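attaching a predicted model along with its sequence, questions to come.
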Amino acid sequence: MSGEGKAPPPRRRAHRGTPWLALHLVLSGSLLLLLLLPVYALFTYAPPSELLAAASNPVVTTAIGLTLYASGLTVLAAVVFAIPFGYLLARRRFPGRSVVESAVALPIAVPHLLVGLGLFLVLAIPGTPLYRFANAVGFPVYDTIWGVVLVMIVVSVPYTVLASQLSFQAVDARTVEAARSLGAGPVNAFLTVSFPLALRGIVTGLLLTWARAVSEIGGILILAYTVYPGGPYTGPVTSTISVLVYNIFQTGNLRDAAAVSSVFLLIAFALFLAVRLGERSGWVPWRRGELVP
Amino acid sequence: MSHWSVEGVASHLDGFRLGPVDLALAPGQVVAVLGNSGAGKTTLLRTLAGFLPADAGRIVRDHTDLTDRPPEARRLGYVPQGLGLFPHRTVERNVSYPLEMRARLDARARAREMLDRFGLTELAHRYPARLSGGEAERVALARALAAEPELVLWDEPWQALDVEARHALGEVFEELREVARVPVVLVTHDPALAFSTADEFLVLRRGVPEFSGAPGELLARPIDPFTARFVGYENVYERAALVAPVAGPFAAWLAARTGPGGIAFARPFVHAAPATSGAWEGTVRAARPTPEGLAVAASVGGLSVALRLEPGADGRLPSRGDRVRFDVEEKSLRSLGTLDA
């Protein structure tokens, strides 16, 4: 380089976006603090020793086990029923589609006590046709794991329907048409193109479904406050983790309530973190081909 | 090698009606489908591919009626607008896709062969998001041809390619047309591509074919202002543009000769400046060099006229504001039909 000692003037470009960025940081940071506030409170309220004690208490582990079991069945139901539903809404036009879309979102929008009450009215009052049918086919719902699963499905599976619908809509129809013209029948085109391309959004929907299912309490308070053994659940009499925390809180034992909550928070956080880390590492298949910064 | 015939095919999409369209496609023949936006070009392609049901007519391949067959049973190489590459599959797995779908045991080997043929071997493990426009076009073409289709349908090829990539792809395409002998229907807005590849033009307007025949025929007899501009006439005047408020003898002279849709003529030569001969006089508004000489835009009584000056006519280039004289021969005038029937 010639012209030593005549360095170009320092660039000022780097400073231009600072106030804009700062605004984003302040707003995001405030929200994050608020989101973490209850978590912080729960973790600091009970000493670590009590957290360990709660984690090894059979009453707590049984309730956690039941909650994970029931929410697992809920996610399974979402996979089987909600993904095809979302696909239908995304790809087919039919009369009354807007009504159907609104109906799907309804359970998300109403207080979940209402959902529990509605299910109670048709399924838990002896003598109603559905009550007799459910008992006859071996799916009694009142105070059973089926009741828990049923409430969880109604309040949480719509998230997967909506996420699947949006994800399938986002798949460029021309890639699907290309697949069809290249020899793929409708099923093959779905399995090899539409589904893999929508998978990332669907997985997000399933995560939301799971999260909503494990956090459910309103409907469960009415339909399955206490869970007795029966159906796939063979353990001792228990309740979901949310009902258990509520019960402990009602007794005034805040430290135990906080300790039990913290144990469950750790489990939920670990699951979300695992999925996100899996995505970033490229280990999971649904981000293949994406341009990741 | 198959012969296709499209006989009176009509279809519709929402409120739009296409057809009836007739086409005969021999092995290796290339038909360019032209028309304004919304003329039904893509609708025609999607009807031929089987994505839109035909309301009438037949699509026949070597005496086999395919009209009601689904897209996957038509043996097509369809390249949609935007190419439709699978973003979650590598280049190699994009190209092997049609072979996998037809359960070809030699899928991998055949895919490799296609990659090699299209100069894509080094990109085999890339995902489409990391390809340049030209590379992506080659992948789409390799994929469309991998399973030896009986008909190639290509919507807007060469859309975002630089000059070099166009040239290279054009050569590959020509070679495939000669060797593979597959009929091709391509939709394009690009006159250079249409003239360099197509044996036949099909011009659609509002879903109805208004011209079908050899490119030379359309060049000699453009139908309407759109086709006149498409085939390269630079002086195209719609009828309405020749009446008031534009005045002047030149506009009046053209108005006396215009067809119902307007009139067109190729660039007249500019007589050497200083202008002394030529029936018409104009004022130079702009001039730019081209391989065919200097392209001059002049204003003649409010009408803009494109003119051509041969290089070295008198050693001086006209500049803005210069007066130029030119002639328009009667036989070079093309009377045009209406754009809006």
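Looks like it came in fine. Numbering: from 1, shown residues only, chains lettered A, B, ... in the order given.

can you report how many residues neighbour residue 98?
I'll assume chain A. As a burial measure, residue A:98 scores 8 neighbours (other CB atoms under 10 Å in any protein chain shown). Quick note: C-beta positions are derived from backbone N, CA and C, even for glycine.

my bad, chain B
Residues lying near residue B:98 (other CB under 10 Å) number 29.

check which helix or strand covers it.
Under the criterion of DSSP states H and E, residue B:98 resides in helix B:97-101.

go on, residue B:285?
Counting by DSSP H and E, residue B:285 is part of strand B:280-290.

and what of residue A:113?
Taking DSSP H and E as the definition, residue A:113 sits inside helix A:112-123.

coming back round to it: for the helix holding residue B:98, packing partners?
Helix B:97-101 sits against helix B:107-117, helix B:133-146, with contacts defined as 3 or more CB pairs under 8 Å, 6 or more residues apart in numbering or on different chains; DSSP states H and E.

which one of those helices lies nearest to chain A?
Chain A sits nearest to helix B:133-146 of all the helices and strands packed on helix B:97-101, at 6.9 Å, using CB to the nearest CB.

do that closest one and chain A meet at all?
Yes: residues of helix B:133-146 contacting chain A under CB under 8 Å from any CB of the partner chain: B:143, B:144.

what angle do the helix ranked longest in chain B and helix B:107-117 make?
In chain B, assigned by DSSP state H, the helix with the most residues is helix B:163-180. Interaxial angle of helix B:163-180 relative to helix B:107-117 (axes from the mean of the first three to the mean of the last three CA atoms, to 10 degrees): 130 degrees.

if we can go back for a sec, chain center to the strand holding residue B:285, what's the gap?
Centroid separation for strand B:280-290 versus its chain: 28 Å, with CA atoms, centre = their mean, to the nearest Å.

what is the subsequent helix or strand relative to that strand?
On the C-terminal side of strand B:280-290, the nearest following helix or strand under DSSP H and E is strand B:293-300.

by contact count, what packs against that next one?
By 3+ CB pairs under 8 Å, 6+ apart, strand B:293-300 packs against strand B:280-290, strand B:303-309, strand B:323-326.

report the rounded mean pLDDT for the shortest one.
Averaged across strand B:323-326, pLDDT comes to 82.

stretch A:190-203 too?
Looking at stretch A:190-203 alone, the average pLDDT works out to 91.

quickly check: it near chain B or not.
Yes: judged by CB under 8 Å from any CB, stretch A:190-203 comes into contact with chain B at A:192, A:193, A:196, A:197.

which strands and helices sit next to the strand holding residue B:285?
So strand B:280-290, by 3+ CB pairs under 8 Å, 6+ apart, packs with strand B:293-300, strand B:303-309, strand B:323-326.

try 6 Å this time
Under the contact definition 3 or more CB pairs under 6 Å, 6 or more residues apart in numbering or on different chains; DSSP states H and E, strand B:280-290 sits against strand B:293-300, strand B:323-326.

list the buried residues of the shortest one.
Going back to what we said before, that points to strand B:323-326. B:324, B:325, B:326 (16 or more other CB atoms under 10 Å in any protein chain shown).

so can I have JSON lines of these showing distance to residue B:317?
Output for those, formatted as JSON lines (distance: CB to CB, whole Å):
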{"residue": "B:324", "distance to residue B:317": "11"}
{"residue": "B:325", "distance to residue B:317": "16"}
{"residue": "B:326", "distance to residue B:317": "16"}
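
identify the residues contacting the helix holding residue B:98?
Contacts with helix B:97-101, where a contact means CB atoms under 6 Å, 6 or more residues apart in numbering or on different chains, come from A:182, A:183, A:184, B:107, B:110, B:146, B:147.

let's see that with 8 Å instead.
With CB atoms under 8 Å, 6 or more residues apart in numbering or on different chains as the test, helix B:97-101 has contacts from A:179, A:182-184, A:188, A:192, B:72, B:77, B:86, B:89, B:106-107, B:110-111, B:143-144, B:146-147.

turn the helices and strands packed on strand B:293-300 into a markdown table, including distance to residue A:91.
A markdown table is the format used below for those (distance: least, CB to CB, whole Å):
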| stretch | distance to residue A:91 |
| --- | --- |
| strand B:280-290 | 50 |
| strand B:303-309 | 49 |
| strand B:323-326 | 59 |
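
flag every buried residue along stretch B:100-117.
Using 16+ other CB under 10 Å as the test for burial, stretch B:100-117 gives B:100, B:101, B:102, B:104, B:107, B:110, B:111, B:112, B:114, B:115, B:117.

okay, who's weakest in those by pLDDT?
Minimum pLDDT for the buried residues of stretch B:100-117 is recorded at residue B:104 (81).

excluding covalently adjacent residues, which one is nearest to it?
Spatial nearest neighbour of residue B:104, chain neighbours left out: residue B:110 (6.5 Å); criterion: CB to CB, 6 or more residues apart in numbering or on different chains.

wait, doesn't that neighbour sit right on residue B:96?
Yes: contact criterion CB atoms under 8 Å: residue B:110 and residue B:96 qualify, at 7.5 Å.

common neighbours of these two, please.
Common neighbours of residue B:110 and residue B:96, counting by CB under 8 Å, 6+ apart, are residue B:146.

returning to what we had before: quick one: the helices and strands packed on strand B:280-290 as JSON lines, columns for distance to residue A:61 too.
Shown next, in JSON lines, are these (distance: least, CB to CB, whole Å):
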{"stretch": "strand B:293-300", "distance to residue A:61": "85"}
{"stretch": "strand B:323-326", "distance to residue A:61": "95"}
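
picking that back up, off-centre distance for the longest helix of chain B?
16 Å.

now the angle from that helix to helix B:133-146?
Orientation of helix B:163-180 against helix B:133-146 (the same axes, to 10 degrees) gives an angle of 10 degrees.

pLDDT of helix B:163-180, averaged?
Helix B:163-180 shows an average pLDDT of 72 in the prediction.

ok, the helix or strand following that helix near chain A or not?
For helix B:163-180, the following helix or strand on the C-terminal side (DSSP H and E) is strand B:184-187. No: Strand B:184-187 is not in contact with chain A by CB under 8 Å from any CB; minimum separation 12.6 Å.
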